[in-house]
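Trainee: sequence unavailable; structure follows:
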């Protein structure tokens, strides 16, 4: 995670077609995420944005895919307050929270 003046940028490695949406550790410097949605017609991207909006407690319009629309590697920009970001970090599994700044 990279902290920005208006929120943060997440580096993600996705595993589509999973049994459920869940964090799954790290991979090559990125947070790994299992995602229920299939990688067809942008369904996984939209599901990812909705899930992250819910995770951070922000509106969908505050979550933006900035790179990797057809790749499993994604960069997501989130517009959020420091309190929202800190709350999200506090709710991460301990194995992941040690890999992100906070």
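Mentor: Sure thing, it's come through. Keep in mind that this is a model prediction, so the values were computed, not measured.
Trainee: which residues in this structure form helices?
Mentor: Secondary structure of the chain (DSSP state H): helices located at 43-56, 82-91, 94-97.
Trainee: name the stretch among the ones you listed that sits most buried.
Mentor: Per-stretch averages of neighbours, counted by mean count of other Cβ atoms under 10 Å, single out helix 43-56 among the helices of the chain, with a mean of 18. The way it works is simple: take the backbone N, C-alpha and C, and place the C-beta from them, glycine included.
Trainee: helices or strands next to that one in the packing?
Mentor: When contacts are defined as 3 or more Cβ pairs under 8 Å, 6 or more residues apart in numbering; DSSP states H and E, helix 43-56 sits against strand 7-15, strand 63-67, strand 73-79, helix 82-91.
Trainee: what sits up against the second one?
Mentor: What it means is strand 63-67. Residues outside strand 63-67 that contact it (Cβ atoms under 8 Å, 6 or more residues apart in numbering): 9, 45, 48-49, 52-53, 56, 74-79.
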